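> Sequence first, then the predicted structure:
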Protein chains: 2
Amino acid sequence: MRILLTNDDGVYAPGLRALRSELQKIGEVIVVAPAGEQSAVGHSITLLTPLLIQEVLDENNKPMGWAVEGKPADCVKLALLELLKEPPDLVISGLNAGSNAGINVLYSGTVAAAIEGAFFRKTSIAVSLEYTKPKPLDFSHAAQLARNVIEQILDHPLTEGSLFNVNIPSLEKGPIRGIRVVPQNLAAYKEKFDRRVDPRGRVYFWSGADFHCPDPHVDTDVTALADGYITVTPLQFNLTHAAALEAMRAWKWH
Amino acid sequence: MRILLTNDDGVYAPGLRALRSELQKIGEVIVVAPAGEQSAVGHSITLLTPLLIQEVLDENNKPMGWAVEGKPADCVKLALLELLKEPPDLVISGLNAGSNAGINVLYSGTVAAAIEGAFFRKTSIAVSLEYTKPKPLDFSHAAQLARNVIEQILDHPLTEGSLFNVNIPSLEKGPIRGIRVVPQNLAAYKEKFDRRVDPRGRVYFWSGADFHCPDPHVDTDVTALADGYITVTPLQFNLTHAAALEAMRAWKWH
C-alpha cells in the first residue's frame, strides 16, 4: 500500500514523524507537507504565488518526501499531480497537535488536506490528538492508536473518495474508553478577543485562547471526545442544504 | 435593517464598494473587511498573530467601517464580537470578483465569511460575479442584480442562521436568463501546475490558470451559471456523511 502523508503543523512536526513510523508498518509512506506551521488555515490554496519545494530526509538520512512552502491542500494537489511517481492508495493527514471536532472541522487545515484527497477520489483520513495542557504530547502512543483505527477503517469495503475524521482524546485523561462513530457537533462555540493597544496607541485584537463549545449536542464528536473515546466521523463535502433546496424550489422568483 | 458587509477581495475592492451602494438602499451598512486581498483562503482564521484594525472612510469621507489585517472569517468574528455596537440583521459577503461554485465553495474566502455569519446564527449570503475575461467587471449592474436576489430571499420566512450562496453570471455573455435554485456541483475539477526552475536551479510549481470542471453534474450551480442563470444555493456546514455514519455504526471495532 502506498500512503501519502501530510499535515498542517509542518514537515518537522513530531506528530507527523510519529505517525509516519507507524504507517511504515502497513505501507510505503511518502511525506508531502507544509514547510512551516499552517494551523487553522482551513481549505486555503495558493494561486497567486509560486510553491517552492524542498526534498526532505528523515532521521536516518533517507528520503522522506517534500516540504512545500504552501498550505496543506496545496501539498495534496502537488503530491497527486506532480511529485508522486505513482498514485497513492491512501491519503493521511496528521497526526495533528490538537483536536479537530465540531465547527473546528471547517477551520482545520488537517481536515482540509483530507478533503482535498477526497476531491481526487482517494480514501482520505484526517487524524488529530486532543490536548488539554500546553505540554509535550505523547504522539508515539497516539500514533499507535491512530494506526489501529486506520487499519480497522481499511478492513471494510470503501467507496472511492471515502473521507474520515478521527480524533484521539488526550492521553492524560486516562485510558481510552473505546471507539465511537459520531456526527460532527454543530453547536456554536464561545470565543472572546483580547482588546489591546499597541505602542503607538492603535487598537488591535487577539483571538483568545478560551475557544470552547459550552453546550455541545449529545452523541457528537465533541462530547464523545470529552468522554475519552476515540471518535470517527465519516465526512463529505456537499455543503448544499438539501431540505432548504427543496423548499426554495417552490419560491416564485422575479 | 442593519447589514454587515465583508468580502475576501479586501476593503478597497470595487465589488464591495458597488454592493455597498446598493445595500444602502435597503438598510444601514457597516463594512468590516480584510485590509488586502485574501482570495482562496477558505475558512482560515488568525489565532497566533494580532488582528490590526483601521477605520475606513468612504468616497465622501464618511465612516464606512473597518479594515482588518486578517482573513474574511476573522472580520466576521471581530465585527460581531467587538466592532459593531449592535448586532446586524444580515451578513453579506461580496461582491466577489469571480464565481464561487462547485468545489470552489470550499476554497472560497467569500463563502467562508458567510458560513462564519451562520455560525453566529445570522442570516448570511455570499455573492459572487463570474468573470470570463481578465478585464474590469461591471460590478455596478451586478450589484443591482445581487440586491434584487437578496431582497427576494429576505421576503421569505427564514430560520436562524440561514445561509445562501449566490452567483451572478458574467454579464458579457448576454442578458441574464433568470434565477435558479440549484445544489453545489460535486464533480472533480481539472487542474495543472506549471513546473519551473528558479534562478538558482531549484524547481518550483505554480498553480495553472486553467482550473475548470470538465464534466459537471447537470442541474448544479456550475451548469446553471454556465447557462447564464443567477444561481442560488442554500448551504449548511454539517460535513457529516449521514449515510456512511449509519452504515459504520454497525461495524465491529476492537
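Good, I have the coordinates.

> tell me the contacts of the closest residue to residue A:72 other than its chain neighbours?
Counting by CB to CB, 6 or more residues apart in numbering or on different chains, residue A:113 is the residue found nearest to residue A:72 once chain neighbours are left out, at 3.7 Å. (Glycine included, C-beta is placed from N, CA and C.) By CB atoms under 8 Å, 6 or more residues apart in numbering or on different chains, residue A:113 lies in contact with A:6-8, A:72-73, A:75-76, A:91, A:93, A:124, A:126.

> Recalculate using a threshold of 10 Å.
Counting by CB atoms under 10 Å, 6 or more residues apart in numbering or on different chains, residue A:113 makes contact with A:4-8, A:32-34, A:38, A:41, A:43, A:71-77, A:79, A:91-94, A:96, A:124, A:126.

> element containing it, please.
helix A:109-119 (DSSP states H and E).

> any idea of the mean pLDDT in that helix?
Throughout helix A:109-119, pLDDT has a mean value of 98.

> helix or strand right after that helix?
strand A:123-129.

> angle of that next one against helix A:109-119?
170 degrees (axes from the mean of the first three to the mean of the last three CA atoms, to 10 degrees).

> and strand A:123-129, which strands flank it?
Using DSSP bridges, the strands paired with strand A:123-129 are strand A:90-97 (parallel), strand A:163-168 (parallel).

> Among those strands, show me which one is buried the most.
strand A:90-97 (a mean of 29; mean count of other CB atoms under 10 Å in any protein chain shown).

> Could you find the closest non-adjacent residue to the residue nearest the centre of chain A?
Central residue of chain A (CA atoms, centre = their mean): residue A:110, 2.4 Å from the mean position. Closest residue to residue A:110 apart from its sequence neighbours, by CB to CB, 6+ apart: residue A:96 at 4.2 Å.

> mind checking how far the residue nearest to residue A:68 when sequence neighbours are not counted is from chain B?
Spatial nearest neighbour of residue A:68, excluding adjacent residues (CB to CB, 6+ apart): residue A:75 at 4.9 Å. Look at residue A:75 and chain B: by CB to the nearest CB, to the nearest Å, they are 11 Å apart.

> What of residue A:112?
Distance from residue A:112 to chain B, by CB to the nearest CB: 7 Å.

> Count the neighbours of that residue for me.
The number of residues packed near residue A:112 is 32, by other CB atoms under 10 Å in any protein chain shown.

> pretty sure residue A:172 contacts residue A:133?
Yes. Applying CB atoms under 10 Å, one finds residue A:172 in contact with residue A:133, separated by 6.6 Å.

> The two - which one has more neighbours?
Shown here are residue A:172 and residue A:133; by other CB under 10 Å, residue A:172 has more neighbours (12 against 8).

> ok now do the more buried one, which residues does it touch?
So residue A:172 contacts A:130-133, A:135, A:137-138 (CB under 10 Å, 6+ apart).

> quick one: the helices in chain A?
A:14-23, A:72-78, A:104-107, A:109-119, A:139-154, A:221-226, A:242-248 (DSSP state H).

> In CSV, list those helices along with distance to residue B:215.
As requested, the helices of chain A are exported to CSV (distance: least, CB to CB, whole Å):
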stretch, distance to residue B:215
helix A:14-23, 33
helix A:72-78, 19
helix A:104-107, 27
helix A:109-119, 14
helix A:139-154, 29
helix A:221-226, 34
helix A:242-248, 22
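
> For residue B:145, which of these is the nearest?
helix A:242-248 (17.8 Å; CB to CB).

> Give me the contact list for that closest one.
A:241, B:153, B:156, B:158-159, B:162-164, B:181-184, B:232-236, B:242.

> if you look at those residues, which of them are in strands?
B:163-164, B:181, B:232-235 (DSSP state E).

> Could you identify the pair within those that is furthest apart?
Largest pairwise distance in the ones in strands among the contacts of helix A:242-248, by CB to CB, is 13.9 Å, between B:163 and B:181.

> what's the average pLDDT for stretch A:224-234?
On average, stretch A:224-234 scores 97.

> With stretch A:95-103 instead?
96.

> can you give me how far that stretch is from the chain middle?
7 Å (CA atoms, centre = their mean, to the nearest Å).

> Just the CA trace of it, in CSV.
Presented in CSV, the C-alpha positions along stretch A:95-103 are these (Å, rounded to 0.1, in the frame of the first residue of the first chain):
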residue,chain,number,x,y,z
LEU,A,95,-1.2,13.5,13.5
ASN,A,96,-2.4,17.0,14.4
ALA,A,97,-1.5,18.6,17.7
GLY,A,98,-5.0,19.5,18.9
SER,A,99,-8.4,18.0,18.2
ASN,A,100,-10.5,18.9,15.2
ALA,A,101,-14.1,18.4,16.2
GLY,A,102,-17.3,20.4,15.9
ILE,A,103,-17.2,23.5,13.8
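
> which ones are touching the closest residue to residue A:212 other than its chain neighbours?
Distances taken as CB to CB, 6+ apart put residue A:190 closest to residue A:212, at 5.9 Å, once the chain neighbours are dropped. Contacts for residue A:190 were tallied using CB under 10 Å, 6+ apart; they are A:208, A:210-215.

> Residue A:18 versus residue A:140, what's the distance?
5 Å (CB to CB, to the nearest Å).

> State the distance from the residue nearest to residue A:212 to residue B:77.
12 Å.

> do residue A:62 as well
Distance from residue A:62 to residue B:77, by CB to CB: 44 Å.

> okay, those two: which has more neighbours?
residue B:77 (27 against 7).

> wait, what's in contact with residue A:222?
Residue A:222 neighbours (CB under 10 Å, 6+ apart): A:99, A:101-104, A:167, A:182, A:184-187, A:189, A:212-213, A:216, A:231.

> same thing but 8 Å
By CB under 8 Å, 6+ apart, the contact set of residue A:222 is A:101-102, A:185, A:187, A:213, A:216.

> Report the two of those residues separated the most.
A:101 and A:187 (11.0 Å).

> Show me the common contact partners of those two, please.
In contact with both residue A:101 and residue A:187: A:220, A:222, using CB under 8 Å, 6+ apart.

> Comparing these two, which residue is more hemmed in?
Relative neighbour count places residue A:101 above the other of residue A:101 and residue A:187, with 26 against 15, counting by other CB under 10 Å.

> The residue nearest to the centre of chain A touches residue A:92, doesn't it?
No. Here residue A:110 lies out of contact with residue A:92, judged by CB atoms under 8 Å, at a distance of 10.1 Å.

> Tell me who's in contact with the closest residue to residue A:35 other than its chain neighbours.
In this structure, residue A:35 finds its nearest non-sequential neighbour in residue A:67, 4.2 Å apart by CB to CB, 6+ apart. By CB under 8 Å, 6+ apart, residue A:67 lies in contact with A:10-11, A:33-35, A:53-54, A:56.
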